[in-house]
Structures are given as structure tokens and as C-alpha cells.
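J.: sharing a model prediction with you, sequence too.
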Amino acid sequence: MRLTKEQAEHNRHLIVETASRMFRLHGMENVAVADIMKESGFTHGGFYNHFKSKDELAAEAIASAFDVVASDLSEKLASGKHPQESLSSFVARYLSPPHRDTKSGGCPASALSVDAARNGKTVQTAFVKGIETYLDIIAAQMGGDEQEARQQAIALFSGLVGAMMLSRAVKKSDPTLSDELLSSARKIKIGRLGGKARTEALSPRTRKMISRRGGKAAQAAKTPEERSAAARKAARARWKKAKKA
């Protein structure tokens with residue numbers, strides 16, 4: 001019996017979601033196409049009705065994983081009253097034992113960094129787009145001009161990812177060290193966010209700089225809510241472009 005277009009799309013989506021979860025939990029090299037199809041409830045031969053290669057599936061699975069976590073993060077940050085409180089809550093959730101031990105694979109940045117490094121351009125392109133989306137969303141919550149906000153976002157997010165990767169790398173051998181890596185990084189990161197004491201209002205110095213620069217700098221004068229909305233819009237546009245490619 002020939003599948004309808006809707007059924008075929010549903011099956012493809014199921015395969016992508018299954019691959020996304022399995023790749024994050026076990027690593028791309030340790031998951032075969034046959035394993036993904038079996039877990040999805042399909043035969044191995046049906047794979048090529050949907051994808052040309054494992055790399056094509058991997059790229060779409062990575063994009064899907066980033067799409068889900070980025071959308072969730074964007075909504076949580078936007079719903080907070082104060083940018084620094086929202087970021088501190090994000091850090092606390094990210095650097096937590098439940099995230100480290102999740103059965104869904106968690107954030108693809110920390111789960112798939114090694115896989116992306118070992119793969120080709122197709123996979124890395126999807127990974128890059130996901131990282132850029134994360135940075136856009138976090139930077140929208142930072143104070144200062146556009147360049148400063150991006151630098152702060154990179155410093156914060158790379159620290160979170162690194163701490164999570166190390167914590168997972170030692171958990172079976174030394175659970176105490178694994179917990180310590182998370183708690184220490186969490187304490188330092190949240191402390192720095194609080195120490196900066198950034199609020200929705202830009203400093204007089206920043207406002208003066210913006211008035212002189214105009215153009216791009218004027219965008220930095222937006223409130224965190226406006227910047228967060230702009231980041232979400234940019235993220236959606238990036239994913240749409242990626243899916244069409």
C-alpha cells in the first residue's frame with residue numbers, strides 16, 4: 001500500500017527524532033542506520049526512501065535537536081522579569097545532574113561536540129547553525145553593545161558546554177568529581193552574572209556611545225525583551241533557510 005504524503009512526512013519526522021535522541025545518548029559513530037530504523041519501528045531498507053545517507057540524517061537530526069532546545073531556552077529567557085535572573089536560572093538548569101543524566105540526550109552542543117569535530121562539512125554546518133542560534137538568544141540577554149554581548153555569550157556558553165562534557169566524561173569512574181565539576185562551574189558562572197549586576201536599562205556611558213555611533217549601535221539600545229524577540233526571529237529564519245538547503 002502506497003503511503004500518503006502525510007504518512008511519509010510523519011515517518012521521516014519519527015526517524016529524525018529517534019536519530020537525534022540516539023546520537024546524543026550514544027554518539028553518532030556508535031549508532032548505525034539499522035539501529036535507528038529498528039528503534040523507529042521500520043525496516044533498514046526503508047531508510048533510503050527518506051535520506052540519501054547517514055550524514056544527511058545526522059545533519060537534520062542535529063538541526064532538529066538544536067531547534068527544540070533553542071526554542072525552549074528562548075521562551076524561558078523571554079518570560080523572566082530580569083535578564084540576569086533568567087540567565088542564572090538557565091545556568092543552574094544546564095549545569096545540573098538531571099541534565100547530565102537525561103535520557104533524552106540533553107543539549108546537542110555538549111552531547112555532540114566531539115561527533116561534529118570528527119565529521120565533515122554537512123554535519124558541521126548544521127552544528128554551526130545550532131551554536132549560532134544559542135549565541136543569538138543568550139547575547140540578547142546581555143548588556144553592552146552588540147559585539148560585547150556576543151563575546152559574553154560565547155564565554156558563558158562555551159564554559160557551560162565544557163563543564164558538562166567533563167562532568168559526563170568522569171561520572172562512571174568518579175561521581176564525586178563529576179558533581180563537583182558541575183557545582184563549581186555553576187557557582188562561578190552564576191556569581192559572575194550576579195556580580196555584573198546588569199539590568200534592563202543600559203548604562204549612561206553605553207547610551208552615550210550609542211547616540212554617537214547610530215546605525216548598528218542603535219540596535220543595542222533595545223530592551224532585553226526586544227532583543228530576545230529579535231534573536232528568536234533570527235533563529236527561526238536561520239532554521240527555515242537551513243531546512244530549505
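T.: Thanks, I have the structure now.

J.: ok, now how distant is residue 45 from residue 37?
T.: As judged by CB to CB, to the nearest Å, residue 45 and residue 37 stand 8 Å apart. All C-beta atoms are positioned from the backbone trio N, CA, C, and that covers glycine.

J.: let me fix that: residue 72
T.: 28 Å.

J.: residue 162 now?
T.: The spacing between residue 162 and residue 37, counted by CB to CB, is 34 Å.

J.: give me the more crowded residue out of those two.
T.: Neighbours per residue (other CB atoms under 10 Å) separate residue 162 from residue 37, with residue 37 holding more: 19 against 14.

J.: surely that one and residue 50 touch.
T.: No: using CB atoms under 8 Å, residue 37 makes no contact with residue 50, being 9.7 Å away.

J.: anything in contact with each of these two?
T.: Residues touching both residue 37 and residue 50 by CB atoms under 8 Å, 6 or more residues apart in numbering: residue 15.

J.: would you map the helices across the protein?
T.: Per DSSP state H, the chain has helices spanning 5-26, 33-40, 54-79, 83-94, 97-100, 108-118, 121-139, 146-170, 175-196, 204-213, 216-219, 224-244. These are given in chain order.

J.: buried residues, the fourth one. List them.
T.: Which is helix 83-94. Along helix 83-94, these residues count as buried under the neighbour rule (16 or more other CB atoms under 10 Å): 83-84, 86-88, 90-91, 94.

J.: now do the longest one
T.: Within helix 54-79, the residues that count as buried by 16+ other CB under 10 Å are 54-55, 57-67, 69-71, 73-74, 77-78.

J.: cool, stretch 92-108 as well?
T.: Going by neighbour count (16+ other CB under 10 Å), the buried part of stretch 92-108 is 94-96, 99-100, 105-108.

J.: quote the end-to-end distance of it.
T.: 17 Å (CA to CA, to the nearest Å).

J.: one more: stretch 27-41?
T.: End-to-end span of stretch 27-41 (CA to CA): 20 Å.

J.: if we ignore the residues flanking it in sequence, what's nearest residue 154?
T.: Distances taken as CB to CB, 6 or more residues apart in numbering place residue 135 nearest to residue 154, at 6.2 Å, with adjacent residues excluded.

J.: pretty sure that neighbour is touching residue 151, no?
T.: No: with contact defined as CB under 8 Å, residue 135 does not count as touching residue 151 (10.0 Å).

J.: so between these two, which is more surrounded?
T.: Under the neighbour definition other CB under 10 Å, residue 135 and residue 151 were set side by side, and residue 135 has more, 20 against 14.

J.: ok, that one - contacts?
T.: Residues near residue 135 by CB under 8 Å, 6+ apart: 150, 153-154, 157.

J.: quick one, which of these are buried?
T.: Among these, those classed as buried by 16+ other CB under 10 Å are 150, 153, 157.

J.: contacting residues for the second one?
T.: To tie it back to what came earlier, the one meant is residue 153. For residue 153, the contact set (CB under 8 Å, 6+ apart) comprises 134-135, 138-139, 142.

J.: remind me which residues of the protein are low pLDDT?
T.: Applying pLDDT under 70 to the chain flags the ranges 1-2, 195-245.

J.: repeat that with 90
T.: For the chain, residues meeting the criterion pLDDT under 90 lie at 1-8, 44-46, 49, 75-86, 103-105, 141-145, 192-245.

J.: still on that earlier bit, out of the contacts of residue 153, who's nearest residue 33?
T.: For the contacts of residue 153, the closest approach to residue 33 (CB to CB) belongs to residue 134, at 28.1 Å.
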